[in-house]
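Student: Here is my input; please provide its structure:
(chains A, B and C)
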Amino acid sequence: MIANILDGIVLGLQFGLLAAGLTLVYGLGGVLNLAYGQMAVVSAMVVVFAMDAGVPAFPAVLLGLVAGGLFGLLLDLTILRPVYRLHGEARVLLSLLLTLGVAFIVDGFLNWRYPLKALNLFIGGGAVEILGVPMRRGSLLASAITLVTFAALFVFFRFTILGRAVRSVIEDEEGARLVGIDPHRMLRLILVLSGVLAALVAITRSMVIPVDVQAGFGITVFALIVAVVGGLGSVPGALLAGIILGIVSSIAASSIGTFMSLVILLTAAGVTILIRPSGLLGVKE
Amino acid sequence: MSDRTTATGTSAIGGVEPRISLSLPSLLGLIGAVGVALALVPLWVGDSRVLMGVAVLGLTFGCYAIGFNVIFGSTGQLFLCVGALAGIGGYGGAILADTVGLPIIVSILLATLAASLTGGLLSWIAVRRSLGVIFTGIITLIFSLTFDTLLLGLGWLTGGENGFLIKSGADSFLREQIPPYYLMLVLVLAFLTVHGLLRRSHVGWAFRALRDDEVAAEMTGIDVARYRVYGALVGAGMLGLAGATYAFTEGRISPNTFGFAQVDVVVIVMLGFGGIGTLFGPILGAATFTVVNEVLIEFGQLRVLIYGTLILLLFLFLPRGVIPTVRSLFVKRRATRATASPD
Amino acid sequence: MLEVSALAAGYQGSDVIRDVAFHIDPGEAVMIIGSNGAGKTTLFRAVVGLLAPSAGEVGFEGEDITGMPAQRVVRLGISFVPAERHLFPRMTVQDNLSLGAYPKRPDPETMAVVMDLFPRLEERRSQTAGTMSGGEQQMLAVGRALMSNPSLLVLDEPTTGLAPKLAAEAYEALGVLRKRGLTVLVAEQQVPLAMAFSDRGYVLENGRITTEGTSAELARDPEVRRAYLGVT
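Tutor: Predicted coordinates:
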């Protein structure tokens, strides 16, 4: 049981960080980025290509993170321009459709050209015992990195001027403008950040299991579900929802089997959304 | 930047529908004309089994698109479970006929009913919890994924990954080359007629009102909840009926037949192209993209990439779809001609 | 300091205000009065950059700021307190105020002045803005606007929803700020309060300026007396 919970936490931390990127973009700019999974996959592929070309692991990872950020920047500069002219529901719908198009383009390209590529960062060394359960070093490193990233995000949003400025746009966009904050610039920043987060999750995930070219849409769906359950726009919510759903998924998978555990996960998410549409830590409209 | 025109809701994507200007005879006539045109298709692809299969699938998607149009175009509910609802029809009919042993007609009707009620239930839940467009989309997406997972997981019932081989009706006209086409064509025309009549009725008037401004509609006494559920019941019923009929003509269905990527995405693009909320938009979209899809088959995996590019181009440049755009061009031309005429 | 000429603005193609012209000199207190729907909010939003004008010009300290987006206008020294306040509900009073100084760090002196002016804000430093009463939120909105040390403060109906005592206190605070050199532009429905406070005023009716003058002149104007001061 403890093994399941720990595995669930490892999985959940990843879910959470993944969802955080998606939820921030929605909460700040009312944009639903369905190309999110592809951001993660492209970053992972950059790392693969770099390493294939002889670049050592650490710099390759950095390149991957930069790639993720650049993807976000590109989205902002190109596809999202018409989206910004709309507001509210229309904006979400158009952003959803356009990013879906981008997702297909990227996904199609990768699957066509490099159908078998995958990123697998193998972390050597024996298992480490946590609470009597042997955990792989890869899982532990991935979790540690994820926790550090969450801590960094926390510090950023709570204690830096820029972080507070970002929060203020989520709270009240017009109010933010009135104090001199440019909501569009903040959105651009957050899009870049979400790309980096997606990249980070893909890279740390590859320390646990390989991340392949087809993972894109699955990543987006998971990120979306966790983000919605946690409350769109809330990073703590994403973390909480991630961990809970991670544990549920892990326990269900070992006791019932993968198919049913997926059904349980989806149903749990669906029920949570129905009971509390604003999410676990979201704001009640 | 500073305030722009705020376009909210589905009107921004689908376009605000002008008043219906067709009289009943014209409407039926137009539907008839479409029917005649489509009836001629087997004349030149009738001897190719493959191409007839494509044509049947094209008409099936036309039905799906009409059903989705009723749910999303007419009542503004973003149901991302078109494939799943059609799948309830398809798998439901197959299981009832083969496993339970009911006659095909009964199986189809019961499966259609099941799909319709499911759609109505989803709509009712969304209305009760006041879920906006996006959350309705998310909940129905979750439903879609759950359904898909159940199809794969409950192998003993559904055949799992390998699919379901439908034995009922194997020797009947349903599996021949040409009759299924006309069967689906009948469905298409029937759906068009139902949708067309619905739009002209007081129900259709309520639909338009609540899609464009829910609050205003409520204030004029329109029970938004009830009409939304009506729309979902009708639309989902169409999806189930089409799914069930298609299943029996194909003889073999698998989770991929009704998957999100295979059905929902395609239907959204078809309807988006034709014009969300228009009557003939689904037909235009289905016809166009069935042809496009066939052309793209030789590109293999590149198809997905091309598809993505088409989606981008479509929603960047023709966000309201072909029919509304063409209509407004017509209106503009008439207007400029009027103002340009000499005194 | 602020010059507005031939300004027109509105929503979705139709103008709410037309041909509006007024000016403010440094150190003055100017009021725009008018009934509901006259266009006061539209006017302010167009001046401040929350709405793009369809015609006309806005000049501030010699610079043309017509159509400049709000986030840049603020940096030039104009602070706007909208009727809906637009505070950051889940952030503390402290955070709301410090953001007022964006992009700079909050100046401790300015903070002290604001706290002095609104002692209740000092008490509720760590309280979240959304949980405060209407009056306190109004104080916070004004306080936040002051944190950037503006040269011109624009307020849209600052006393809406405030009890008379609080409304009077609000204008007292504005009076203190005026003495320290702040130029104020205020839109009001509660005309007597605004009149006592302002040097000059303009009457906005159906989107156009119909009357202007010093407060004393306006107080004597029979039309103004009838429409806004309830004198028959």
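
Student: show me what contacts the nearest residue to B:I166 once chain neighbours are set aside?
Tutor: Spatial nearest neighbour of B:I166, chain neighbours left out: B:A94 (4.8 Å); criterion: CB to CB, 6 or more residues apart in numbering or on different chains. For glycine as for every other residue, the C-beta is placed from the backbone atoms N, C-alpha and C. Contacts for B:A94 (CB atoms under 8 Å, 6 or more residues apart in numbering or on different chains) come out as B:S107, B:F164, B:I166, B:S168, B:A247, B:F248, B:I253.

Student: could those be laid out in CSV, adding neighbour count, secondary structure and pLDDT?
Tutor: Formatted as CSV, the contacts of B:A94 follow (neighbours: other CB atoms under 10 Å in any protein chain shown; DSSP: H, G, I helix; E, B strand; the rest coil; pLDDT from 0 to 100):
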residue, neighbour count, secondary structure, pLDDT
B:S107, 27, helix, 91
B:F164, 23, strand, 83
B:I166, 26, coil, 81
B:S168, 20, coil, 78
B:A247, 30, helix, 92
B:F248, 24, helix, 90
B:I253, 24, strand, 90
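
Student: ok, so of those, who is nearest C:S151?
Tutor: Nearest to C:S151, judged by CB to CB, of those is B:I253 at 72.6 Å.

Student: Tell me, please, the helix or strand in the chain that averages the lowest pLDDT.
Tutor: Looking at chain A here, since you left the chain open. Lowest mean confidence among the helices and strands of chain A (mean pLDDT, DSSP states H and E): strand A:128-130, at a mean of 73.

Student: Run through chain B and note the low-pLDDT ranges.
Tutor: Along chain B, the model assigns pLDDT under 70 to residues B:1-22, B:212, B:214, B:221-222, B:335-343.

Student: Please repeat the previous calculation with a cut-off of 80.
Tutor: Low-confidence segments of chain B (pLDDT under 80): B:1-24, B:45-46, B:132, B:167-175, B:202-224, B:298-301, B:319-320, B:328-343.

Student: Same check on the stretch 101-250 of chain A?
Tutor: Applying pLDDT under 80 to the stretch 101-250 of chain A flags residues A:116-135.

Student: Residue of it closest to chain C, please.
Tutor: A:G175 (3.4 Å; CB to the nearest CB).

Student: count of residues packed around whatever residue of the stretch 151-285 of chain A ends up closest to chain B?
Tutor: Closest approach between the stretch 151-285 of chain A and chain B, counting by CB to the nearest CB: A:F259, at 3.1 Å. Using other CB atoms under 10 Å in any protein chain shown, A:F259 has 17 other residues around it.

Student: give me the element it is part of.
Tutor: For A:F259, the element it lies in under DSSP states H and E is helix A:258-275.

Student: which strands and helices sit next to that helix?
Tutor: helix A:216-230, helix A:235-255, helix B:133-153 (3 or more CB pairs under 8 Å, 6 or more residues apart in numbering or on different chains; DSSP states H and E).

Student: Tell me which of the ones you listed sits nearest to C:E84.
Tutor: helix B:133-153 (24.4 Å).

Student: Going by neighbour count, which residues of the closest one are buried?
Tutor: Buried residues in helix B:133-153, defined by neighbour count with 16 or more other CB atoms under 10 Å in any protein chain shown: B:133-153.

Student: and it with chain A, contact?
Tutor: Yes. Judged by CB under 8 Å from any CB of the partner chain, helix B:133-153 comes into contact with chain A through B:133-135, B:137-139, B:141-143, B:145-146, B:149-150, B:152-153.

Student: Next, the spatially most central residue of chain B: secondary structure please.
Tutor: Taking CA atoms, centre = their mean, the centroid of chain B lies closest to B:A65, which sits 1.9 Å from it. Classification of B:A65 using DSSP: H, G, I helix; E, B strand; the rest coil returns helix.

Student: gap between the helix-or-strand element of chain C with minimal mean pLDDT and the chain center?
Tutor: Least confident helix or strand of chain C, by mean pLDDT, DSSP H and E, is helix C:222-228 with a mean of 79. Helix C:222-228 has its C-alpha centroid displaced from the chain centroid by 23 Å (CA atoms, centre = their mean, to the nearest Å).

Student: Start from the N-terminal end of the chain and give the helices.
Tutor: Since you didn't name a chain, this refers to chain A. For chain A, applying DSSP state H gives helices covering A:2-29, A:36-52, A:57-77, A:81-84, A:88-113, A:137-159, A:161-171, A:173-178, A:183-205, A:216-230, A:235-255, A:258-275.

Student: looking at chain C here, not the other one
Tutor: For chain C, the helices defined by DSSP H cover C:40-48, C:70-75, C:93-100, C:108-117, C:119-123, C:134-146, C:164-179, C:191-197, C:215-220, C:222-228.

Student: Just want the most central residue of chain C.
Tutor: Centre-nearest of chain C using CA atoms, centre = their mean is C:L155, 1.2 Å out.

Student: Any idea what it is bridged to?
Tutor: For C:L155, the beta-bridge partners are C:V81, C:V186 (DSSP bridges).

Student: hang on, isn't it packed against C:L185?
Tutor: Yes. The criterion here is CB atoms under 8 Å, and C:L155 meets it with C:L185 at 7.4 Å.

Student: show me what contacts residue 79?
Tutor: I went with chain A, as the question did not name one. Contacts of A:I79 by CB under 8 Å, 6+ apart are A:L98, A:T99, A:G101, A:V102, B:L312.

Student: my bad, chain C
Tutor: By CB under 8 Å, 6+ apart, the contact set of C:S79 is A:L178, C:A145, C:L146, C:S148, C:P150, C:L152, C:L153, C:V154.

Student: same thing with B:V267?
Tutor: For B:V267, the contact set (CB under 8 Å, 6+ apart) comprises B:F61, B:Y64, B:A65, B:F68, B:V82.

Student: burial count for the last one?
Tutor: Look at B:V82: counted by other CB under 10 Å, it has 31 neighbours.

Student: list the contacts for it?
Tutor: The neighbours of B:V82, taking CB under 8 Å, 6+ apart as the test, are B:Y64, B:G67, B:F68, B:L239, B:V263, B:D264, B:V267.

Student: And those, which is closest to chain A?
Tutor: B:D264 (10.7 Å).
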